[in-house]
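Peer 1: after the sequence you'll find the predicted model.
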Amino acid sequence: NVPAVRACLESGVDVNEVLAGDNSTALHIAAQLGRAAVAKALIEAGADVNKPASPHSVNASGQRTGVIHDVTPVCYAAQEGNTHVVTELIKAGADVNQADSEGFTPIYLAAQNGHESCVALLIQAGADVRKANKDGHTPMQIATENKREKVVTLLKFYERV
């Protein structure tokens, strides 16, 4: 609800206010949920596009396994394949190579989940296609492992450039 968001901001709500114990802001939530219009309104109001959050990681059973630090809005958007939000964040100056505490970059997360449009946008914005996570795995390796054929093809082309 963009009008409601704007009304809150106009009434003095801090656009970078932490909303949860994981240090997430409204922009993190908009990015994760794919709300591009809300993300744009927040950015226009001065939201920090590189503000880190610290969400809990969960295993395949849905159990919390720890905390991941330094997760930016573009990481959330790329992981979920929210291309329009990724576009807004890039236009606003989001760091497309900022990794979280596990070394996962936005392009790694997009490649892992097969979001080829996000991968392409991130590459165009200067994302490092060879940057490995803490375990030494690259976006190409995770895309191959997860059988994300279109992403693999895209990454192969840009790894040669």
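Peer 2: Yep, it's here.
Peer 1: next, work out how far apart E88 and E149 are.
Peer 2: 28 Å (Cβ to Cβ, to the nearest Å). All C-beta atoms are positioned from the backbone trio N, CA, C, and that covers glycine.
Peer 1: which one of the two has more residues nearby?
Peer 2: E88 (28 against 12; other Cβ atoms under 10 Å).
Peer 1: that one contacts A41, correct?
Peer 2: No: counting by Cβ atoms under 8 Å, E88 sits too far from A41 to count as a contact (9.8 Å).
Peer 1: any idea of the mean pLDDT in stretch 73-80?
Peer 2: With pLDDT averaged residue by residue, stretch 73-80 scores 97.
Peer 1: not counting that stretch itself, show me its contacts.
Peer 2: Here stretch 73-80 makes contact (Cβ atoms under 8 Å, 6 or more residues apart in numbering) with 25, 27-28, 30-34, 39, 49-51, 82, 85-86, 89-90, 94-96, 98, 100, 104-107, 109-110, 112-113, 115, 118, 122.
Peer 1: report the buried members of those residues.
Peer 2: Neighbour counting with 16 or more other Cβ atoms under 10 Å marks 25, 27-28, 30-32, 34, 39, 49, 51, 82, 85-86, 89-90, 94-96, 100, 104-107, 109-110, 112-113, 115, 118, 122 as buried within the contacts of stretch 73-80.
Peer 1: which ones among those residues map onto helices?
Peer 2: 27-28, 30-32, 39, 85-86, 89-90, 106-107, 109-110, 112, 118, 122 (DSSP state H).
Peer 1: tell me where the chain has strands.
Peer 2: 56-58, 64-67 (DSSP state E).
Peer 1: separation between K147 and D95?
Peer 2: 29 Å.
Peer 1: again, but for N1
Peer 2: 29 Å.
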